[in-house]
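In: Any chance you can model this:
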Amino acid sequence: MKEITKTYQIDDLVVKWEPHKCIHSAICFHGLPNVFDPRKRPWVNIEGAPKDDIINQVKACPSGALSLQKDELA
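Out: You can find the predicted model right below:
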């Protein structure tokens with residue numbers, strides 16, 4: 001299986017998604033449905049919430065399928 005990484009960016013916020021790691025817990029969707037909606041394409045709307053809310057939700061991803069570009073982790 002090919003390991004795909006998708007990135008979503010606005011300004012200096014870069015969210016990475018690695019679908020092969022996803023365990024489909026739906027924590028992202030339940031936490032920020034305006035940003036993470038698997039019923040839509042693309043399913044990540046990086047403009048759907050304030051930057052800090054997105055950062056906190058990505059950090060809550062239990063599988064690590066969602067992550068932030070390294071300079072966002074500080």
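
In: drop to CA atoms for contacts and neighbour counts, all remaining ones
Out: Fine.

In: so what's G64 up against?
Out: Shown in contact with G64 (Cα atoms under 8 Å, 6 or more residues apart in numbering): K21, C22.

In: List the contacts of C22.
Out: For C22, the contact set (Cα under 8 Å, 6+ apart) comprises S63, G64, A65.

In: Which ones among those residues lie within strands?
Out: Among these, DSSP state E puts none in strands.

In: Tell me the one among those nearest to K16.
Out: For the contacts of C22, the closest approach to K16 (Cα to Cα) belongs to A65, at 7.8 Å.

In: what's around that closest one, how many residues?
Out: By other Cα atoms under 10 Å, the residues close to A65 number 17.

In: got it, and S63?
Out: 14.

In: Also L13?
Out: Using other Cα under 10 Å: L13 sits among 17 other residues.

In: Mind pulling the model confidence for it?
Out: For L13, the model assigns a pLDDT of 95.

In: can you map out the helices along this protein?
Out: 27-31, 51-59 (DSSP state H).

In: what's next to the last one, contact-wise?
Out: Pointing back at helix 51-59 there. The contact list for helix 51-59, computed with Cα under 8 Å, 6+ apart, reads L13, V15, C28, G31, L32, V35, I46, L66, S67, L68, E72.

In: Quick one: residues contacting the fifth one.
Out: Under the criterion of Cα under 8 Å, 6+ apart, the contact list for L32 reads A49, I54, Q57.

In: Columns distance to Q9, pLDDT and neighbour count on top of the residues you listed, output as a markdown table?
Out: Below are those laid out as a markdown table (distance: Cα to Cα, whole Å; pLDDT from 0 to 100; neighbours: other Cα atoms under 10 Å):
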| residue | distance to Q9 | pLDDT | neighbour count |
| --- | --- | --- | --- |
| A49 | 13 | 97 | 14 |
| I54 | 11 | 97 | 22 |
| Q57 | 15 | 98 | 20 |
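
In: which stretches of the protein aren't confidently modelled?
Out: Scanning the chain with the threshold set as pLDDT under 70 gives 1, 70-74.

In: Show me what the most centrally placed residue in the chain is bridged to.
Out: The C-alpha lying nearest the average C-alpha coordinate of the chain belongs to L66 (Cα atoms, centre = their mean; 4.4 Å). Assessed by DSSP bridges, L66 has beta-bridge partners W17.
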